[in-house]
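**Q** One predicted model, sequence on top.
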Amino acid sequence: MRFNKQRVLTVAKIILPIILIAFIFYQGQNELRSLSLKESIRAIQQIPSWKFILLIVSGLAAVATMFFYDFFLLRSLQVKVPIGLIFRASWIANSFNGIIGFGGLAGMGVRTALYRPFVEGTRLLKAIGWMAPTLISGLSILSALSLLNVFPAFEVLDLKKWLWPVIIGVAFFFPVYLLFTFRRGSSSIRPSSIALYSLVSLAEWFSAGVVVYFILAALGTDVSFSKVIGVFIIAATAGLISMVPGGFGSFDLVFLIGMQRAGVEEGIVLTGLLIYRLVYYLIPFVIGVIFSAREFSGPVVKMIEDKPIVGPSVEVGGVIWRLQLRFLSKVRHFTLALITLLAGIAIWGLAILPPNSTQYEYLEARLPHELLLLANSFFLMAGLLYVLLAPSLYRRTKRSLYMIYGVSAFALIGMALRGFNLISLSVVLIVLVLVTMSRSAFHRERTLITTTRLIRAAFAGFLYLGGFIFFGYAFYTLGSADGTKVYPAHEIFMFAASAAIFALVYTLVFIRLFNTFNQPVLGEKLDMQKVKDVLTEEGGNYLSHLAFLGDKRFFFSESGRSFIQFSQTGNRIMMLGDPSGNPEEHSQLIACFLRRVEDLGYIPNIYQIQAQNMSLYHDFGFNFFKLGEEAIVDMTTFTVSGKKRAGLRSIKNRFEREGMTFEVVSPPFSEALLDQLRDVSDEWLGGKSEKGFSLGYFNESYLNQAPIGIMRDANQQMLGFMTFMPAYQEGVLSIDLMRFRPDGPNGIMDAMFIRLFDYATEQGYHTFNMGMAPLSSVGEDETSFWQERVAADVFNNIRYMYSFTGLRRYKEKYDPKWEGRYLAYRKRQSLTIAILKATRLISKKKDRILLP
C-alpha cells in the first residue's frame, strides 16, 4: 500500500486535537465531579446590569487591541487603506478566528478578500504568513514570565505535571522564532515588524487575562491579579496546544483547576468562564458578523464568486479554503439568521429563571400571579419562534420578516409584564434593528412548508422546550435545597406547554392571514394573439403549440419575444418543454423564471426538455431523468418503396382500392365538421377522460388553431382524423390528436400516417415528429439508481389512451431518428414525486391548480 504523507497529516490534524482534549478532560475528571451548578446560578443572579455592561466593554476593548495587527501589516506593505476598513476587517478576521478557527485560515480568508483591492495577492499572502507565527509571541513572553514566577502558577504545574513541558515549549517559542527569522535574513520579515507584532500579541493576551480578572472581581472573588494572570497563562497554553478555536474545553478545564487551587468556588469559576466566553468571543463574533454583512456584499462577493482570490495559485487548506470562501460570499444572508438564533437561545436562558430586579418585585406585588406567568410564556414563545424562524430569515422570505415583527412585539409585551432588564431588552431590540435594516434584502415571498421542514421544526422545538423543562426542573431541585429563587416545577411545565401552543396558534393564524392578503401572481393567462405573434415571428418547438390549450400560464421575457408555459400542481411549478421564441433570450428567461418561482416558495420542474439543451439546465442546478425518445422521420428520404416497406405499401394500396380518401382542411371549421370530429373522438375515447398539459385534448378553440387531416371512407363517412401540431420551425411538422373509429378498417393508423407523409412532402416539409415512446429499459438494470427504477415503474405504468407496449416497435418501421426527452428536477428533490406530479398534470387530477 502506497504511503500518502499528505493524507496522514490531514488525519493527524483531526485526531490529535481530539486526543488532547480527551486527555485534558481525563486529567480533570475529579474537578468536573465537584462542579456546583447552583453556585453558578446564584452568582449570575447577583451580578447587576451595570457590571455586565462594564464587562462587555472590557471584552470589546481587549478584542480591539488586535486592530494593530492589521495596521502594522498594511504599513509594512506600504499601502494606504481607510482606518475604518482596517478596523472592521481586523475585527471580522479575529472574531471569526476565535469561533471558526481552521488554524487561522478564517482570518486569512477575510483579510485576503478585503485587502485585495489595495495590495497584490501574493505579497499580501506572504506578509500574512510571516505575521501569523507572531500572534502567539505575546503568550510565549507571558509563559516565560510565569516560569520566572512574575505571574505565579506553580501550584497548577505541580498538580498537573504534564503541563510543564507545554509551558516550557511555549516559553521557548519566541526566542526560537527570532533565531529562525534572523537566519533567513531581512528579505523575509523586518525586525521592526517582528517587534511591533510581538508587542501587539503581548497586549492582546495580557488584555484577555485582564478581562478574566475583571470578571472574577465582579463575581466577588478576592484572588490577586498576578495569581489570576498566572493561571490564565497556563490555561491559555493548554488551549493553544489543543488546536481548538479559542481553546474551548481545554482552556476552561485547566483554568477551572487552577482557580479551585486558589480557593475560588467551582460555581463562581464556571460563571466566570461563561461570562468570559460571552464578552470575549460571542459578542465580538456577533459584531463581526454584522460588520461582515456590510463588507461582504456587492463587488467583494462578486470577486469571491468569479475569482477565488488565491484559488488554484496557492494551495492553502484545500477544501477548507474553498468552503470558507463560499461562506464569506454568503455571510450577508447568514448574519441575521445567526443573530436571531442566538437571541432565541438567550431568551431561553433568561426565561428559565425569575427576574432578579426590584421592578419584578414591584409588579409581583400588584399584578395577578397568573398574568406574570402568561408574560413569561409570551417571552419563551418569542425565543422559540426566533429559533424556528432563523432558517427562513437566511432564505430572506417576507413571511418570516413580518412574523419576526409580530414575535418581537410579543417578546416586548412579555418583558413589560415580567420586568425589563438590560440584557433581555437588548436581545430583542438588536433583532428588531437588524431586521429593519435588512428588510430590503427580503425579496422572497415565502418558503415551502414541506414535511421534512415540519419534522425539523418539530424536532428543534422539542429540543428547545425539552431542554427548558429539563434545566428548569434541575434548577428547581437545586434552588429548593438552598432557597435560591426559581420557578416551581409545575410552572416550568406550564411555560413550555403554553409557549408551544401560543407559537403554533400564532404561526397558523399568521400564515393564513399572510396567504389571504398576499397572493402574488406568477406569469399571466393565455393571450392568444400575444402567443401567436411570438411563435410566428420568433419560432418555437415541438411543444409550443400546446400553449393554445388554455390550461397553462405564461411567463414572458422582458422584451415579450419569448415565453415559458407552465402549470402548478401542489407545491410544484411544472414548466412544459423548452422556452419558445427568441433563442438568445432563453438563458436569461429561464433564470428570471426560476428566481420568481423560488421567491414564491415553489419547487420548479421541467417536463420534456430536449437533449441539446441539457447543459443549459444543468447550469441552473437540475438533474435529469430520461422520459423517452421522440421519433423524428426524415421526409426527404422516406418512401414506401422496397421490400422493407412492403407492408406499408400494401396498406396504402388497399385503402386506395376501397375508395378511402384523405384531405387536409384548414381553420376556421364549421360547426358540422366539428360535430363529426367530436363523434369520432368520443367513440375513440370510449368513456375515458381526456388528458392535458403535454397532450392535446378535444377543444374547439384549440382545434381551430391548426389544420386537420381527415380520413373518410367511400361513402364520405369520417373514419379518423389527425390534428396538426406546428413546431413553428421551417419545414418541421408534428401531430397531436390522432383519433379514429374503433370499428374502422384495420391499418387505419398506418394509412393516415402514409397519406400525411405524402402531404408533408408535397408541402415542402422535411421533418416529421411522430411523438414520444417511453424507454422500457430505463431503470430496469439492477445497477440503476433506485430512484430511477422506482420512477420508471411509475412512468411505464401510466396509460394515456393505450398501452405503450410495442409503441417504439410500431414506430421503428418508419425508420425514424430517435431524440431523447428529459424531465429536469432539482437536486436533493425527489425524482419519484416529480414524475407523479407530472402525471397528475397530464391526467388532470384534482390537485392540478391553474394559478390566478
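**A** Okay, I see it. Just so it is clear, the structure is predicted and the values come from calculations on it, not from any experiment. Numbering: from 1, shown residues only.
**Q** K532: neighbour count?
**A** Look at K532: counted by other CB atoms under 10 Å, it has 14 neighbours. No exception for glycine: its C-beta is placed from N, CA and C like everyone else's.
**Q** Can you name the residues in contact with the strand or helix carrying it?
**A** Taking DSSP states H and E as the criterion, the element that holds K532 is helix 528-538. Contacts of helix 528-538 from elsewhere in the structure, counted by CB atoms under 8 Å, 6 or more residues apart in numbering, are 540, 544-545, 547-548, 554, 556, 560-563, 580-582, 726, 728.
**Q** Where strands are concerned, which of these count?
**A** In strands, defined here by DSSP state E, the members of those are 554, 556, 562-563, 580-581.
**Q** Out of these, flag the one nearest to L336.
**A** If you rank those by distance to L336 using CB to CB, F556 comes first, at 34.0 Å.
**Q** Now do the contacts for that closest one.
**A** For F556, the contact set (CB under 8 Å, 6+ apart) comprises 524, 530, 534, 562-563.
**Q** Out of the residues you listed, grab the one that's most surrounded.
**A** Neighbour counts for those, by other CB under 10 Å, peak at F563, which reaches 29 neighbours.
**Q** what bridges to that one?
**A** Using DSSP bridges, the bridge partners assigned to F563 are F556, S580.
**Q** Now do the helices in the stretch 301-450 of the chain.
**A** In the stretch 301-450 of the chain, helices defined by DSSP state H, counting those that start in this stretch lie at 319-351, 358-366, 369-394, 398-418, 422-437, listed in chain order.
**Q** Mean neighbour count and distance to I189 added to those helices, as CSV?
**A** As requested, those are arranged in CSV below (neighbours: other CB atoms under 10 Å; distance: least, CB to CB, whole Å):
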stretch, mean neighbour count, distance to I189
helix 319-351, 20, 23
helix 358-366, 12, 57
helix 369-394, 22, 41
helix 398-418, 20, 49
helix 422-437, 18, 40
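**Q** any chance of the ones you listed in a markdown table, plus distance to I632 and mean pLDDT?
**A** Supplementary listing: the helices of the stretch 301-450 of the chain in a markdown table, determined by distance: least, CB to CB, whole Å; pLDDT from 0 to 100:
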| stretch | distance to I632 | mean pLDDT |
| --- | --- | --- |
| helix 319-351 | 43 | 71 |
| helix 358-366 | 80 | 73 |
| helix 369-394 | 46 | 89 |
| helix 398-418 | 46 | 89 |
| helix 422-437 | 55 | 83 |
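**Q** Figure out the helix or strand that I501 lives in.
**A** Short version, using DSSP H and E: I501 is in helix 489-517.
**Q** So which helix or strand of the protein has the lowest pLDDT on average?
**A** When the helices and strands of the chain are compared on mean pLDDT, DSSP states H and E, strand 848-849 comes out lowest with a mean of 41.
**Q** Just want the angle from the helix holding I501 to helix 398-418.
**A** Computed by axes from the mean of the first three to the mean of the last three CA atoms, to 10 degrees, the angle separating helix 489-517 from helix 398-418 equals 140 degrees.
**Q** list the contacts for S408?
**A** 382, 428, 431-432, 435.
**Q** And the residue sitting furthest away from the middle of the chain, how far from G744?
**A** Relative to the mean C-alpha coordinate of the chain, counting by CA atoms, centre = their mean, the farthest residue is R657 (68.1 Å). In this structure, R657 and G744 are 16 Å apart, going by CB to CB, to the nearest Å.
**Q** how far is stretch 700-712 from where the chain is centred?
**A** Offset of stretch 700-712 from its chain centre (CA atoms, centre = their mean, to the nearest Å): 49 Å.
**Q** buried stuff in it?
**A** Buried positions in stretch 700-712, judged by neighbour count with 16 or more other CB atoms under 10 Å: 702-703, 705-712.
**Q** and those residues, which of them are in strands?
**A** When strands are assigned by DSSP E, the members of the buried residues of stretch 700-712 inside them are 708-712.
**Q** before we move on, the earlier item: mind picking the two most distant members of the contacts of F556?
**A** Among the contacts of F556, the pair separated by the greatest distance (CB to CB) is E524 and S562, at 14.1 Å.
**Q** helices or strands next to the helix holding I501 in the packing?
**A** Using 3 or more CB pairs under 8 Å, 6 or more residues apart in numbering; DSSP states H and E, the elements in contact with helix 489-517 are helix 369-394, helix 398-418, helix 451-482.
**Q** Could you give me the buried positions within the one helix or strand F96 maps to?
**A** Taking DSSP H and E as the definition, one finds F96 inside helix 83-99. Using 16+ other CB under 10 Å as the burial criterion, the residues of helix 83-99 that qualify are 85-86, 88-99.
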